[in-house]
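Engineer: sequence and computational prediction follow.
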Amino acid sequence: MLGFVFRRFLSAIPTLFVVITISFFLMRLAPGGPFDLERPLEAKIMENLQRAYGLDLPLHEQYLRYLGNLLRGDLGPSFFMRDFSVAQILMQGLPVSMALGGGAILLALILGATLGAYAAMRQNTGADHAVVGFATAGVTIPNFVVAPILQIVFGLSLAWLPVGGWNDGAIRNVILPVIVLALPQIAVVARMTRAAMIETLRADHIRTLRSLGLGARHVAEHGLRAALLPVVSYLGPTAAALLTGSVVVETIFGLPGIGRYFVEGALNRDYTLVMGTVVVVAVFVLVFNLIVDILYALLDPRVRYE
Amino acid sequence: MSIAGNSLWIDARTRLLRNRAATASLAMLILLAFACVFGPMLGGNAYDRVYPDYVRVPPSLQAQPTEDLIAPAVERIASRLRARATDISRVGDALKIVLEAPRAIDERSLAFFERSDLFEVARVMSREDGGKRLIVDVPLERNYFFFGTDGNGRDLLARTLIAGRVSLAIGLLATFVAISIGVVYGAVAGFAGGRIDALMMRAVDVLYSLPFIFFVIMLVVFFGRNFVLMFIAVGAVEWLDMARIVRGQTLSLKRREFVAAAETLGVSAAGILTRHIVPNTLGPVVVYTTLLVPKVILLESFLSFLGLGVQEPMTSWGVLIADGARNIQGNTHLLVFPAIFLTTTLFCLNFLGDGLRDALDPRDR
């Protein structure tokens, strides 16, 4: 088991390296620079700034230097948010994004799997159609439509919850963003669980259980275990994406997560901040793929670590 | 009596037409597309015409100006004429206004009526008191804002329809770009096989692991905020799934007898690809296309929502929704109408895609 985890971990390193390399050069080849202001800086000041941040070196040297710093865990200073290092910015934003994303993932897994299993057990009834309809709506209605509507209903009309803001993670502030993040995932998980469950319920081992006289509850338990396999492999990358923040949700609700840094950083040419975010996201994706592999092996005894 | 064999496509069409949700969606989509393409030509308000006197007018089926708008507008113009409107009475579609001032009123200034969005050219009916008292006849300028107007006083109906043109055009063109790249790439990789295949698919894997939003934003940064280049950028990001699907199909197709026959007859690799491989992958490609269009429209809306997409005065559903989201307090119509159009389109495309998948996928029969 440990050997398997270790080997998978090692095989992730080249991918991470390629991602970092592509992002680095893509970012640098983009026209414009971090110090291009509306009113151009004086040539001498510009030169000094470039030198201070090491931007005057040839590109390949900058690249090697960045890799070296990265190996030592140094993500560099932010170009745009002066006086902050990228590590500081990310350490401030990441807990916010992770709290929101974590809540959304939990909600999606619990509600989605329950709804999907419920619908599958009652295939082609009204309840089933309702779940399928909800799932289609959840997938198609974009989050930047859902978010303002929830703000109108619960924030303005009913005035139950605040319209936005982080407020040190108060539960009241977190509810709406988590729901917005979770809705499409609940829909997808419900759809996948339903489809997989319908297939599993036709499988031989379930028929055997039924013929042995087991109640619907036990049948559902056994069916769900097998049906959750595709859901687990879907939730891996999704969890990584959710935990590293959503631009839209953070913008609409005014939350200080790291999702916004991608957009802001790329537009401001804040090279180090964008690279830092890319590294964090890539590491999350790789770690969660690893977790999925391990979970898969735990859920499905046929999968063995070679 | 001869028995005609049904081709895959005829079979699929019958199955699709039997699927009520899919046919209803198809009809709805055609209707929407017609409305967006031809609606703005019917001579309503122009999408970029600014009506400074109609800012954030709520949606209404009645002609503007409504009664409550007239009096303040007349007051405003009267004060610019240094006069007071002592009597306003309505005669059909025109107003009879009595203007009084301490000094003679400059009649050239009556042009202020025409300049307003509410009135047509004012005509002097009678002068009294040496021009200190004027009775003018002012026809009302009739305007309809069925969806209301936005924060700049532009007709939301016209803007929603124009936005639909843009969103649908981007959806279709970006999908076309993505499908073209994906089909060619996948077919070549699958047909070449061996090391070339491994290398090409490795590249796809790497692109998959790049943070997607970052990639899109970088492309937008590279190409500038350009309308045409944007959907090429979107298409360039969305081809990965297509490449995988087509490659998988090609791998199984190239071992079939008809490919072997073509090879023995000396058909070139390019000939086999275009004549035998690609046409046979069309089923899944069609299904994936209908599911990709809503994805692309959503992506474009998302980019426009962030301010990276279509630029003013051009507009798309994403731009309108972003604008609506910023003005939700008291102006819900700005969000509701574009959101209804966008979600209806996405819904229909998804139902149509599901229907096509059921119709074309023989395994689910």
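Structural biologist: Done, it's in.

Engineer: near chain B, which residues of the stretch 1-150 of chain A? Just list them.
Structural biologist: A:15, A:18-19, A:22-23, A:26-27, A:29-32, A:136-137, A:139-142, A:144-145, A:147-149 (C-beta under 8 Å from any C-beta of the partner chain). Heads up, the C-betas are built off the backbone N, CA and C, glycines and all.

Engineer: which of those residues count as buried?
Structural biologist: By neighbour count, with 16 or more other C-beta atoms under 10 Å in any protein chain shown, those hold A:15, A:18-19, A:22-23, A:26-27, A:30, A:136-137, A:139-142, A:144-145, A:147-149 as buried.

Engineer: out of the residues you listed, which sit inside helices?
Structural biologist: Counted as lying in helices by DSSP state H, out of those, are A:15, A:18-19, A:22-23, A:26-27, A:136-137, A:139-140, A:144-145, A:147-149.

Engineer: near chain A, which residues of chain B?
Structural biologist: So chain B meets chain A at B:205-206, B:209-211, B:213-215, B:217-218, B:221-222, B:294, B:298, B:301-302, B:305-306, B:308, B:318, B:321-322, B:324-325, B:328-329, B:332, B:335, B:339, B:342-343, B:346-347, B:350-351 (C-beta under 8 Å from any C-beta).

Engineer: residue contacts, A:Met192?
Structural biologist: A:Gly116, A:Pro230, A:Val231, A:Tyr234 (C-beta atoms under 8 Å, 6 or more residues apart in numbering or on different chains).

Engineer: select only the buried ones of the residues of chain B next to chain A in PyMOL?
Structural biologist: To isolate the buried subset of the residues of chain B next to chain A in PyMOL, counting by 16+ other C-beta under 10 Å, use the following:
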select buried, chain B and resi 209+210+211+213+214+215+217+218+221+294+298+301+302+305+306+308+318+321+322+324+325+328+332+335+339+342+343+346+347+350+351
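
Engineer: count of residues packed around A:Val249?
Structural biologist: 26 (other C-beta atoms under 10 Å in any protein chain shown).

Engineer: so for the helix or strand hosting it, what gets flagged as buried?
Structural biologist: Per DSSP states H and E, A:Val249 falls inside helix A:247-253. Burial within helix A:247-253, assessed by neighbour count using 16+ other C-beta under 10 Å, is assigned to A:Val247, A:Val248, A:Val249, A:Glu250, A:Thr251, A:Ile252, A:Phe253.

Engineer: quick check: phi and psi on B:Asn143?
Structural biologist: Backbone torsions for B:Asn143, taken as degrees, to the nearest 10, come to phi -130, psi 140.

Engineer: hang on, it packs against B:Gln64?
Structural biologist: Yes. Using C-beta atoms under 8 Å, B:Asn143 is in contact with B:Gln64, at 4.6 Å.

Engineer: need the residues touching each of these two.
Structural biologist: With C-beta under 8 Å, 6+ apart, B:Asn143 and B:Gln64 have common neighbours B:Tyr54.

Engineer: any regions of the stretch 251-365 of chain B where pLDDT drops low?
Structural biologist: B:361-365 (pLDDT under 70).

Engineer: how about the residue nearest to A:Arg260 when sequence neighbours are not counted, what does it touch?
Structural biologist: In space, and not counting its chain neighbours, A:Arg260 is closest to A:Glu250: 5.1 Å by C-beta to C-beta, 6 or more residues apart in numbering or on different chains. A:Glu250 sits next to A:Ser97, A:Pro177, A:Pro256, A:Gly257, A:Gly259, A:Arg260 when contact means C-beta under 8 Å, 6+ apart.

Engineer: can you flag which of those residues belong to helices?
Structural biologist: Using DSSP H, these in helices are A:Ser97, A:Pro177, A:Gly259, A:Arg260.

Engineer: quick one, what contacts the residue positioned nearest the centre of chain A?
Structural biologist: Taking C-alpha atoms, centre = their mean as the criterion, A:Ala241 is the residue nearest the geometric centre of chain A, at 1.5 Å. The contact partners of A:Ala241, by C-beta under 8 Å, 6+ apart, come to A:Val281, A:Val285.

Engineer: repeat for A:Leu255
Structural biologist: A:Val96, A:Leu100, A:Gly164, A:Gly165, A:Trp166, A:Pro177, A:Val249.

Engineer: quick one: the residues you listed as a markdown table, columns for pLDDT and distance to B:Arg13 too.
Structural biologist: As requested, the contacts of A:Leu255 are arranged in a markdown table below (pLDDT from 0 to 100; distance: C-beta to C-beta, whole Å):
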| residue | pLDDT | distance to B:Arg13 |
| --- | --- | --- |
| A:Val96 | 91 | 51 |
| A:Leu100 | 92 | 46 |
| A:Gly164 | 79 | 49 |
| A:Gly165 | 79 | 53 |
| A:Trp166 | 82 | 53 |
| A:Pro177 | 92 | 45 |
| A:Val249 | 89 | 42 |
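
Engineer: PyMOL command to pick out the buried ones of those?
Structural biologist: Buried members of these can be picked out in PyMOL with the line below, counting by 16+ other C-beta under 10 Å:
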select buried, chain A and resi 96+100+164+166+177+249
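
Engineer: for the stretch 101-250 of chain A, which segments count as helices?
Structural biologist: Applying DSSP state H, counting those that start in this stretch to the stretch 101-250 of chain A gives helices spanning A:126-140, A:143-150, A:171-201, A:204-211, A:216-243, A:247-253.

Engineer: nearest to A:Arg72, of the ones you listed?
Structural biologist: Closest approach to A:Arg72 among the helices of the stretch 101-250 of chain A (C-beta to C-beta): helix A:216-243, 24.5 Å.

Engineer: mean confidence for the closest one?
Structural biologist: Helix A:216-243 carries an average pLDDT of 82.

Engineer: pull out the buried residues from it.
Structural biologist: A:219-220, A:222-224, A:226-229, A:231-243.

Engineer: just the angle between it and helix A:171-201, please?
Structural biologist: 130 degrees (axes from the mean of the first three to the mean of the last three C-alpha atoms, to 10 degrees).

Engineer: relative to helix A:204-211, how tilted is helix A:216-243?
Structural biologist: Computed by the same axes, to 10 degrees, the angle between helix A:216-243 and helix A:204-211 is 140 degrees.

Engineer: roughly how far does A:Ala12 sit from A:Leu286?
Structural biologist: Distance, A:Ala12 to A:Leu286, using C-beta to C-beta, to the nearest Å: 4 Å.

Engineer: for B:Gly39, that is, sorry about that
Structural biologist: For B:Gly39 relative to A:Leu286 (C-beta to C-beta), the value is 49 Å.

Engineer: coming back round to it: is it possible to export the buried residues of helix A:247-253 to JSON lines including distance to A:Val281?
Structural biologist: Compiled in JSON lines, these are given as follows (distance: C-beta to C-beta, whole Å):
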{"residue": "A:Val247", "distance to A:Val281": "12"}
{"residue": "A:Val248", "distance to A:Val281": "16"}
{"residue": "A:Val249", "distance to A:Val281": "16"}
{"residue": "A:Glu250", "distance to A:Val281": "14"}
{"residue": "A:Thr251", "distance to A:Val281": "18"}
{"residue": "A:Ile252", "distance to A:Val281": "21"}
{"residue": "A:Phe253", "distance to A:Val281": "20"}
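
Engineer: just flag the most distant two among those residues.
Structural biologist: Greatest spacing in those, by C-beta to C-beta: A:Val247 and A:Phe253 (11.5 Å).

Engineer: hang on, the earlier thing: pick the one among the contacts of A:Met192 closest to B:Val98.
Structural biologist: Using C-beta to C-beta, the contacts of A:Met192 come closest to B:Val98 at A:Gly116, 72.3 Å.

Engineer: how about that closest one, nearest residue that isn't a chain neighbour?
Structural biologist: A:Thr193 (2.7 Å).
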